[in-house]
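Chemist: Give the three-dimensional model of this entry:
(one chain, ligands or ions: 2)
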Amino acid sequence: MIGLVIESSCDETSVSVIKDGREILSNIVSSQIEIHKQYGGVVPEIASRHHVSNISYVVEESLNEANVTFNDLEYIGVTYGPGLVGALLVGVSYAKSLAYALNLPIVPVHHIEGHIAANYISHPDLKPPFLALVVSGGHSHLIYVKDYTKLEIIAKTRDDAVGEAFDKVARTLGLPYPGGPEVSKLAENGEATYKLPKTKFENYDFSFSGIKTAVINLVHKEGDNIRKADMAKSFEVNVVETLVEHTLNAMKDLNIDTVVLAGGVAANKYLREYLVKEANKNNFKAYIPELKYCTDNAAMIASAAYYNYICEEDKSKFNILRNLDLNAKANLKIGENNK
Ligand code: KG4
Ligand code: ZN
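Modeler: Numbering: from 1, shown residues only. Ligands and ions are numbered 1, 2, ... in the order given. Below is the predicted model:
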């Protein structure tokens, strides 16, 4: 069963062709990072315009690389939220046009469900149930994945997402966008010698605005004396410890023995190593996606689309999938498209 799936929620135009939900035949990612770097972050209108000019080429390249034609496709998948609405609309409109022209069903996908599904591609043995630690530029969530299309939020950030905090700390340290990888690179030569606060709640929720503000204040106070690498390391260690501590606490309390890492921040080397080490200490299984499937790409959306598609099929909701009224939803909530 072959599907073609589009992701355009932020600054990557990406198209993947997938077979049977886990075999990636192609995954073309056209990144706009170099374009947005000069502005210090993503400019939504510029992102939308580049998606418009890129998408046809990316679709064509994805089909060519997979060595398939439109006639081989059984469904079209697309990220319909959350994200920048103008950027999402390019993917959604293109997917609807393709589906209409080819008389194929459309499978709408939640972007974060895609990040979690990146692990299905990297780990053929992985099956729900498990706890997902989702860490991206817009999300920091603990999600109980009960089944492929049944997700329950266990915890979330009450303010900044962890990727957002990395990006803001990077800017404070004078590093370019996107800041996460830059902070991480700098941290490799640093020691965690700065004392930074941790925020705790009575549940497993996160908060990263306190530590971000603490970094900004310290950088201003120290002026030229700031040891940038040490600050980067202190920040990285602090947030990684918090993420892993909350995750393990939730697993113990809820009796879940498997954890899955997901989202752009899953590319962070220290987080990957620390999560696996601490999970193993507790006899938990830990799954980490391959680096190429951590930051935004259509392959992960394609895997999630497959599971949505076969679930819809099971429930004879085919007419919903043929719905050409599908719209982009900038603030789409996790689980809102649960079956
Ligand atoms: O998932 P993603 O590509 O886009 C969203 O859905 O938000 O995540 C992007 C975020 C950015 O904040 C970026 O700085 C962060 O992931 N990131 C990292 C690393 N690589 C990307 N953060 C820390 N360490 C990294 N190596
Ligand atoms: Zn993402």
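Chemist: Which strands and helices lie in contact with the helix ranked longest in the chain?
Modeler: Determined from DSSP state H, the single longest helix within the chain is helix 228-254. Secondary-structure packing of helix 228-254 (3 or more Cβ pairs under 8 Å, 6 or more residues apart in numbering; DSSP states H and E): strand 130-135, strand 140-147, strand 150-156, helix 162-172, helix 179-187, helix 209-222, helix 269-281. C-betas here are computed from N, CA, C, even on glycine.
Chemist: The fourth one and ligand 1, are they touching?
Modeler: Yes - for a cut-off given as Cβ under 6 Å from any ligand atom, helix 162-172 has contacts with ligand 1, namely G163, F166, D167.
Chemist: so does that helix get close to ligand 2?
Modeler: No - remark: helix 162-172 sits outside contact range of ligand 2, by Cβ under 5 Å from the ion, the gap being at least 8.5 Å.
Chemist: would you put the C-alpha positions of that helix in PDB?
Modeler: Listed next in PDB are the C-alpha coordinates belonging to helix 162-172 (Å, rounded to 0.1, in the frame of the first residue of the first chain):
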ATOM      1  CA  VAL A 162      11.900  23.300  25.300                       C
ATOM      2  CA  GLY A 163      13.000  24.000  21.600                       C
ATOM      3  CA  GLU A 164      11.800  27.600  22.000                       C
ATOM      4  CA  ALA A 165      13.900  27.900  25.200                       C
ATOM      5  CA  PHE A 166      17.000  26.600  23.400                       C
ATOM      6  CA  ASP A 167      16.400  29.100  20.600                       C
ATOM      7  CA  LYS A 168      16.000  32.000  23.000                       C
ATOM      8  CA  VAL A 169      19.100  31.000  25.000                       C
ATOM      9  CA  ALA A 170      21.000  30.800  21.700                       C
ATOM     10  CA  ARG A 171      20.000  34.300  20.800                       C
ATOM     11  CA  THR A 172      21.100  35.600  24.200                       C
END
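Chemist: how about stretch 42-61: buried residues?
Modeler: 42-44, 46-52, 54-55, 58-59 (16 or more other Cβ atoms under 10 Å).
Chemist: Which members of these occur in helices, if any?
Modeler: Those of the buried residues of stretch 42-61 lying in helices (DSSP H): P44, I46, A47, S48, R49, H50, H51, V52, N54, I55, V58, V59.
Chemist: is it true that the first one touches L84?
Modeler: Yes - checked against Cβ atoms under 8 Å, the pair P44 and L84 is within contact range at 4.6 Å.
Chemist: got the residues of the stretch 151-300 of the chain near ligand 1?
Modeler: 163, 166-167, 178-181, 184, 263-265, 267-268, 295-296.
Chemist: how about a cut-off of 5 Å?
Modeler: Residues of the stretch 151-300 of the chain lying close to ligand 1 by Cβ under 5 Å from any ligand atom are 163, 166-167, 178, 180-181, 184, 263-265, 267-268, 295-296.
Chemist: What sits closest to whatever residue of the stretch 201-339 of the chain ends up closest to ligand 2 if chain neighbours are left out?
Modeler: Residue nearest to ligand 2 within the stretch 201-339 of the chain (Cβ to the ion): D296, separated by 4.4 Å. Once flanking residues are discounted, D296 sits nearest to E12: 4.4 Å by Cβ to Cβ, 6 or more residues apart in numbering.
Chemist: repeat for Y194
Modeler: Y194 sits nearest to S234 (Cβ to Cβ, 6+ apart), 3.9 Å away.
Chemist: what's around that neighbour, how many residues?
Modeler: 23 (other Cβ atoms under 10 Å).
Chemist: Could you list the low-pLDDT ranges of the stretch 201-339 of the chain?
Modeler: Applying pLDDT under 70 to the stretch 201-339 of the chain picks out residues 312-322, 337-339.
Chemist: What residue in it comes nearest to ligand 1?
Modeler: G264 (2.0 Å; Cβ to the nearest ligand atom).
Chemist: ok, now the stretch 51-200 of the chain?
Modeler: Counting by Cβ to the nearest ligand atom, the stretch 51-200 of the chain gets nearest ligand 1 through G180, at 2.1 Å.
Chemist: Would you confirm that N327 contacts A95?
Modeler: No - the criterion here is Cβ under 8 Å, and N327 misses it with A95 at 11.7 Å.
Chemist: Show me which of these two is the more surrounded one.
Modeler: Comparing N327 with A95 by neighbour count (other Cβ under 10 Å), the higher total belongs to A95, at 27 against 14.
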